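Asker: Fold the following and give me the result.
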Amino acid sequence: MKLIIQRVIEAEVVVNNKTIGKIGNGLLVFFAVSDKDVEEDIQWIVNKLINLRIFNDEYNKMNLSVSDIKGEILVVPNFTLYADCQKGYRPSFTKAAKPEFSKPLFDKFVNYLKSISEINIESGEFGADMKVSLINNGPVTIELER
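Answerer: Modelled structure (predicted):
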C-alpha cells in the first residue's frame with residue numbers, strides 16, 4: 001500500500017460536476033494498492049496515518065497529528081502511484097493491483113479509518129474520473145508505504 005499524504009487547508013473531489021468529498025484543515029490522502037498488499041497492512045498504515053505528527057505546534061514544530069488538531073481526512077483512490085517510468089515514455093502499471101483486488105482494500109481502508117477515529121473522513125470514488133482540488137499547507141507532502 002502506498003499513500004501520498006498532503007497537509008491541506010482544504011481539499012475537494014468532484015465526480016460528474018458533483019462534489020462527493022470535501023474537507024477543511026487536515027490531510028488529503030492519495031491511496032494505491034500493489035499486487036503484493038494484504039488486508040493486514042491496513043491496520044498498520046491507518047495507525048501511522050492518523051498519528052503522523054506533521055502539523056505545527058505552538059512552537060512551529062511539526063509535532064501534532066491530524067487527530068491532535070481535530071482535522072479531517074479526504075482519501076482518494078489513485079492506482080497511478082504505482083507507475084513505473086523506468087523504461088520508455090509510457091508508464092507501466094504492472095505493480096498496481098487489479099481493480100477487483102484493490103477496490104475491496106480501498107473500502108476496508110476507508111471503513112477502518114472511520115471506525116477507529118472520531119474525525120471526519122471523506123473519500124473519492126473508486127474507478128471514477130475525479131477532479132481533485134486542494135490548497136496545500138506548507139507545502140507538506142509525505143510518501144508512506146507498507
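Asker: Give me the most central residue, this protein.
Answerer: Compute the mean C-alpha point of the chain, and by Cα atoms, centre = their mean the closest residue is residue 29, 2.0 Å away.
Asker: quick one: that one is in a strand?
Answerer: Yes. Counting by DSSP: H, G, I helix; E, B strand; the rest coil, residue 29 falls inside a strand.
Asker: residue contacts, it?
Answerer: For residue 29, the contacting residues are 3-6, 49, 73-76, by Cβ atoms under 8 Å, 6 or more residues apart in numbering. Every residue, glycine included, has its C-beta placed from N, CA and C.
Asker: List the buried residues for the top helix by length along the chain?
Answerer: For the chain, the longest helix by residue count, based on DSSP state H, is helix 99-116. Buried residues in helix 99-116, counting neighbours by 16 or more other Cβ atoms under 10 Å, are found at 102, 105-106, 109-110, 112-114.
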